[in-house]
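Undergrad: the amino acid sequence is not available; the structure is as follows:
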């Protein structure tokens, strides 16, 4: 959706343009959505030690500075990066005095999304549901007014357990319906842990449950899916081709960038939505020229893998 203050006609036009950019899939979605629990790890990967901040505000200042550096880098444009997923604090902050979501679309032509989940419950039936999301309707209202196009919500599947997987899928579609009611595009993310021995069996159960959920969606409604790279190439083709799916995106899930790109390139119609695999090798200690060159190389390789299929 376009920012508040624009006419309804302008908002509709921008929303259609964003939808077309995602559906076209001529690039990938950058995941810049590390939240409180994963931020120290992301900063450490970026070369910033935990001694660099004394409280949560300082930590989020540092991660925002890293994200701004990425967003403003010359290679970070809609030509190859079709969308970006933000953490709530990133949405609420500015880039050069411009709200982040507005900056992404107006200055970089990158479609903004918002991570809305608040972490995971304890594992039950081999799966982890999302924790309750208090104040979700208010957050979705705020996101829509900020110009955010869609949301992302993550749960985790760690065993081929039909009961657990069905619970994950049911919750994902329920939250997705709440998101859609606010005029936003939900990205449902039931992540299958890539290291489990029964990953292929879990993927089969997940695909079946997702197809049933998609078939039950109201006419005219679509969702996006963010899935682990499949064990069997093109296993998710029925989801890619489903009329209720705007786009299927892939998480790197612990693979190196090179490994994730190689698998992704073999899967038709899926594009990347990488986080750690995107920022791999970037460092706070690099000069802007060094940083920009490495990020451009990363963006180029992930884009190539995303459009190969």
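TA: Cool, got the structure. The structure presented is a predicted model; accordingly, all values stated were derived computationally and were not measured.
Undergrad: okay, residue 39: pLDDT?
TA: In this model, residue 39 is scored at 87, pLDDT.
Undergrad: ugh, wrong one, residue 35
TA: Looking at residue 35, its pLDDT reads 77.
Undergrad: can you pull the contacts of it?
TA: Going by Cβ atoms under 8 Å, 6 or more residues apart in numbering, residue 35 touches 87, 88, 115, 119. C-beta here means a position set from N, CA and C on the backbone, and glycine is covered the same way.
Undergrad: try 6 Å this time
TA: Listed by Cβ atoms under 6 Å, 6 or more residues apart in numbering, the contact set of residue 35 reads residue 87.
Undergrad: in the lengthiest helix in the chain, what's buried?
TA: As assigned by DSSP state H, the longest helix anywhere in the chain is helix 288-308. Neighbour counts over helix 288-308 (16 or more other Cβ atoms under 10 Å) mark 291, 292, 294, 295, 298, 299, 301, 302, 303, 305, 306 as buried.
Undergrad: now for it, which elements pack on it?
TA: Secondary-structure packing of helix 288-308 (3 or more Cβ pairs under 6 Å, 6 or more residues apart in numbering; DSSP states H and E): helix 257-265, strand 270-272.
Undergrad: tell me which of these is the most buried.
TA: Most buried of these, by mean neighbour count (mean count of other Cβ atoms under 10 Å): strand 270-272, with a mean of 28.
Undergrad: re earlier: could I get the buried residues of helix 288-308 as JSON lines with pLDDT and distance to residue 213?
TA: Compiled in JSON lines, those are given as follows (pLDDT from 0 to 100; distance: Cβ to Cβ, whole Å):
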{"residue": "291", "pLDDT": "98", "distance to residue 213": "41"}
{"residue": "292", "pLDDT": "98", "distance to residue 213": "42"}
{"residue": "294", "pLDDT": "98", "distance to residue 213": "39"}
{"residue": "295", "pLDDT": "98", "distance to residue 213": "36"}
{"residue": "298", "pLDDT": "97", "distance to residue 213": "33"}
{"residue": "299", "pLDDT": "98", "distance to residue 213": "33"}
{"residue": "301", "pLDDT": "98", "distance to residue 213": "33"}
{"residue": "302", "pLDDT": "98", "distance to residue 213": "28"}
{"residue": "303", "pLDDT": "98", "distance to residue 213": "30"}
{"residue": "305", "pLDDT": "98", "distance to residue 213": "28"}
{"residue": "306", "pLDDT": "98", "distance to residue 213": "25"}
